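1. turn this into a model:
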Amino acid sequence: MSTVPATATTPGAAGLLAEIDRRADDLIGLTCDLVRFDTTVRGDASESARDEADLQEYLAGRLRRAGATVDVFTPKPGDLPDSPQTPPGLGFDGRPQLIARFPGTGGGRSLLFNGHIDVVSAEPRSEWTSDPFRAEVRDGRLYGRGTCDMKGGIAAAVIAAETLAALGIRLPGDLLINTATDEEWNGAGTLASVGYGVRADAAVVPEPTDLDVVTAQRGILGGRVTVAGRPGHAEHPPGDWRSGGAVNAIEKTLPVLAALGRLRERWADDPAHRHPLLPPPSIVPTTIKGGEWWVTYPASCEVALDITYLPVQADGGGWASRVRHDIERAVRDACAGDGWLTAHPPRFTWDTELPPAEVPAGHPLVHALASSATALGRTPRVLGEPSWTDAATLTRLGNTPAVCLGPTATRPDGSPTLHTIDEYIEVADLIDTAKALALAALSMTAPAQHPHPHPHA
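-> As a prediction, this is how the structure comes out:
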């Protein structure tokens with residue numbers, strides 16, 4: 001498939017960009033409105049909903065007034081596609097998903113803008129300069145929880161679509177907007193949207209990228225390893241474990257951690273794990289819990305693991321079965337010389353699993369977005385995402401090649417703005433994101449001329 005990217009000189013583009021400039025205050029106001037809804041992500045299936053339904057209804061009303069057909073739906077547990085991505089039976093009470101459609105004139109390709117409405121916790125709120133749920137403009141920056149990740153990106157997508165509609169620019173293909181819950185936990189909202197039938201010929205997820213184009217991302221595997229011990233009085237000699245003596249589970253965890261560290265190093269040194277856009281795979285112990293009382297040998301020790309892996313490490317279905325096998329084997333081998341650990345092998349429990357994904361750099365969507373950003377005076381790069389986004393779900397499970405392009409991702413010192421105290425977005429980036437998305441819609445909804453390569457793992 002080939003396409004002529006829309007630029008500032010494309011017929012109608014100059015007026016489109018000027019109108020988005022005119023709507024800058026509306027764009028800032030919409031972002032502020034979205035920030036006011038407390039949509040802090042749940043970390044457990046039993047947590048009550050917050051303001052997700054109110055936010056979705058607010059957006060639904062706005063998009064309907066702009067001329068879109070809108071469906072706000074609450075998935076049932078059985079509606080989720082079968083995958084290891086979410087816990088069995090996950091419900092969505094109070095957490096609906098939204099799909100809006102601006103119908104095309106016919107004969108063109110469909111383009112989807114997808115964004116997640118959930119945000120990470122704003123705690124400790126006392127450390128914020130201003131209320132995290134009352135967005136505030138200071139020195140050209142819009143501060144507030146979710147401004148960067150990613151309510152600003154959602155607002156930019158909505159303004160782009162509204163402006164196209166208001167100017168009477170009828171795109172050949174459909175333009176869709178999907179706002180979803182739970183991305184910060186396990187991507188359940190977009191997964192449920194895919195199960196509901198949301199798909200398009202291509203998709204843009206306006207996650208914060210500094211208006212670079214992100215085409216690849218690592219997969220994520222979460223899990224825990226539990227090492228058993230045997231309790232006894234810590235101030236008495238433990239005795240021989242084979243005769244019932246005490247065993248310190250914390251100390252027995254040390255060879256497990258060492259084995260995971262060695263495996264991480266082997267992964268990093270493996271030439272097969274050198275990706276042009278992504279960091280090496282990694283294993284990071286993130287929490288540790290062990291012991292029952294300060295004068296008792298600990299009976300168990302549990303370590304939580306955050307594991308990132310490359311597309312090349314995925315199994316035939318795109319998931320982490322081979323990664324799990326490598327980790328379990330490395331720990332099992334390290335325990336072979338320890339009698340207690342051989343008799344009481346560490347136990348693994350695997351939790352969240354999010355697939356890696358990659359869209360070819362030659363895909364026309366990548367070219368269209370890069371050209372749109374260039375037309376705005378940017379110098380966009382094609383990059384990889386070391387973490388994960390809903391673009392992977394759309395690409396892997398939704399048959400919708402998806403990449404990311406969005407506003408501010410880094411501070412001047414290179415540190416991230418997302419998930420931080422005083423999270424912010426550059427107002428100029430917010431406006432340019434809306435412009436880039438609108439220009440991309442002009443070019444990407446044109447009729448296809450040649451088949452494009454399918455996204456690969």
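
2. chain center to stretch 319-332: distance?
-> Its chain's C-alpha centre and that of stretch 319-332 lie 24 Å apart, by Cα atoms, centre = their mean, to the nearest Å.

3. for it, buried residues please.
-> Within stretch 319-332, the residues scored as buried using 16 or more other Cβ atoms under 10 Å are 319, 320, 323, 324, 326, 327, 328, 330, 331. Where you see a C-beta, it was placed from the backbone N, CA and C, and this is true even at glycine.

4. and the gap between the fourth one and residue 422?
-> When Cβ to Cβ, to the nearest Å is the yardstick, residue 324 and residue 422 sit 38 Å from each other.

5. quick one, strands of the stretch 251-400 of the chain?
-> Secondary structure of the stretch 251-400 of the chain (DSSP state E, counting those that start in this stretch): strands at 282-290, 300-309, 347-354, 357-358, 382-385.

6. what's the closest non-adjacent residue to residue 201?
-> residue 109 (4.0 Å; Cβ to Cβ, 6 or more residues apart in numbering).

7. now do residue 49
-> Of all residues not flanking residue 49 in the chain, residue 94 sits nearest, at 2.6 Å (Cβ to Cβ, 6+ apart).

8. which of the strands of the stretch 251-400 of the chain sits most buried?
-> The highest average neighbour count among the strands of the stretch 251-400 of the chain, using mean count of other Cβ atoms under 10 Å, belongs to strand 357-358 at a mean of 27.

9. what sits up against the lengthiest helix in the chain?
-> Identified as the longest helix of the chain according to DSSP state H is helix 249-269. For helix 249-269, contacts defined as Cβ atoms under 8 Å, 6 or more residues apart in numbering pick out 225, 227-229, 273, 280-283, 285, 288, 290-291, 297-301, 303, 305, 326-327, 330-331, 333-335, 338, 340-341, 346.

10. what is the neighbour count of residue 45?
-> By other Cβ atoms under 10 Å, 16 other residues sit near residue 45.

11. for the one 4 residues further on, same thing?
-> Counted with other Cβ under 10 Å, the burial measure for residue 49 works out to 16 neighbours.

12. how about the contacts made by it?
-> 93, 94, 95.

13. is the second one part of a helix or strand, or is it coil?
-> Put plainly, it is residue 94. Following DSSP: H, G, I helix; E, B strand; the rest coil, the label given to residue 94 is coil.

14. per-residue pLDDT, it?
-> Listed pLDDT for residue 94 reads 97.

15. then residue 446?
-> 89.

16. can you check residue 455 too?
-> 43.

17. my guess is residue 67 contacts residue 165, does it?
-> Yes. Under the criterion of Cβ atoms under 8 Å, residue 67 makes contact with residue 165 at 4.8 Å.

18. hey, where'd the strands end up in the stretch 1-150 of the chain?
-> In the stretch 1-150 of the chain, the segments counted as strands under DSSP E, counting those that start in this stretch are 69-73, 97-102, 111-116, 136-138, 141-143.

19. looking at these, which is closest to residue 191?
-> Shortest distance between residue 191 and these, using Cβ to Cβ, is found for strand 97-102: 9.9 Å.

20. for burial, what's the neighbour tally of residue 195?
-> Using other Cβ under 10 Å, residue 195 has 19 other residues around it.

21. for it, what are its contacts?
-> Listed by Cβ under 8 Å, 6+ apart, the contact partners of residue 195 are 75, 79, 80, 81.

22. swap in residue 222?
-> With contact taken as Cβ under 8 Å, 6+ apart, residue 222 is in contact with 304, 305, 306, 307, 350, 351, 352, 353.

23. and the least confident of the residues you listed?
-> Among these, residue 352 has the weakest pLDDT, 88.

24. and the pLDDT for the closest residue in space to that one that isn't next to it in sequence?
-> Of all residues not flanking residue 352 in the chain, residue 222 sits nearest, at 4.0 Å (Cβ to Cβ, 6+ apart). Residue 222 is assigned a predicted lDDT (pLDDT) of 96.

25. direction included, what does the helix or strand harbouring residue 222 pair against?
-> Assigned by DSSP states H and E, residue 222 falls within strand 219-228. Each strand that pairs with strand 219-228, with its direction, by DSSP bridges: strand 300-309 (antiparallel), strand 347-354 (antiparallel).

26. how close does residue 20 sit to residue 179?
-> Residue 20 sits 20 Å away from residue 179, going by Cβ to Cβ.

27. the more surrounded of these two?
-> Counting neighbours by other Cβ under 10 Å for residue 20 and for residue 179 shows that residue 179 has the greater number, 30 against 25.

28. phi first, then psi, for the more buried one.
-> Residue 179 adopts backbone torsions of phi -110, psi 130, taken as degrees, to the nearest 10.

29. go ahead and confirm it touches residue 116.
-> Yes. Using Cβ under 8 Å, residue 179 makes contact with residue 116 at a distance of 7.4 Å.

30. what's the helix or strand harbouring residue 152 packed up against?
-> In this assignment (DSSP H and E), residue 152 forms part of helix 152-166. With contacts defined as 3 or more Cβ pairs under 8 Å, 6 or more residues apart in numbering; DSSP states H and E, the packing partners of helix 152-166 are helix 13-22, helix 24-36, helix 52-65, strand 97-102, strand 111-116, strand 175-180, helix 427-444.
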